[in-house]
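**Student:** Structure for the following, please:
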Amino acid sequence: GTVAMEAKGKSLGTMDRFDMAGDHAVLFGDEPVTLISEGHTEVLVLSASLLNNVFGIDFRRLLLRERALELLADHPVSRSLSIEQRAAMADVCELRILAPGEQLEETGIRFAAC
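**Tutor:** Here you go, the predicted structure:
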């Protein structure tokens, strides 16, 4: 089935079969979205406590690494690197959260993605 997504009363679109929600909340600490079934729907739910039991406190880091690998595989420059090179980059990446108007002022940055 299809599931509508809302956050703070605003529609965020819909989820179709095999779509996932919740990863943004894990990475950025956002409030989870509200999911509303638009018909008969089966939903696989993995709670935060279950994920922490399976992956330990490193679940957030694991999720960040996997997202970085996806981004690097899709980027026109980094996709030409070997899988091992992209994995090495993903292993050392950091997530920086900037407030509105804040500048990323750091020396030596060679790659940043939004």
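**Student:** Worst mean pLDDT across the helices and strands of the chain, which element?
**Tutor:** One helix or strand of the chain scores below all others by mean pLDDT, DSSP states H and E: helix 23-28, with a mean of 78.
**Student:** For that helix, enumerate the helices and strands it packs against.
**Tutor:** Helix 23-28 sits against helix 59-74, with contacts defined as 3 or more CB pairs under 8 Å, 6 or more residues apart in numbering; DSSP states H and E. In short, each C-beta sits where N, CA and C put it, glycine included.
**Student:** Now with 10 Å, please.
**Tutor:** When contacts are defined as 3 or more CB pairs under 10 Å, 6 or more residues apart in numbering; DSSP states H and E, helix 23-28 sits against helix 48-55, helix 59-74.
**Student:** quick one: contacts of it?
**Tutor:** 7, 30-33, 48, 51, 59-64, 66-67, 95, 97 (CB atoms under 10 Å, 6 or more residues apart in numbering).
**Student:** residues of that helix that come out buried?
**Tutor:** residue 26 (16 or more other CB atoms under 10 Å).
**Student:** Follow the chain on from it and name the next helix or strand.
**Tutor:** Per DSSP states H and E, the first helix or strand lying C-terminal to helix 23-28 is strand 34-37.
**Student:** Mind listing what's buried along that following strand?
**Tutor:** Buried-residue list, strand 34-37, by 16+ other CB under 10 Å: residue 35.
**Student:** Mark which of the contacts of helix 23-28 are buried, thanks.
**Tutor:** Neighbour counting by 16+ other CB under 10 Å classes 33, 51, 60, 63-64, 67 among the contacts of helix 23-28 as buried.
**Student:** Kindly reformat the residues you listed as CSV containing distance to residue 21 and pLDDT.
**Tutor:** Shown next, in CSV, are these (distance: CB to CB, whole Å; pLDDT from 0 to 100):
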residue, distance to residue 21, pLDDT
33, 6, 85
51, 14, 84
60, 16, 83
63, 13, 87
64, 17, 88
67, 14, 89
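**Student:** I appreciate the help and will end here.
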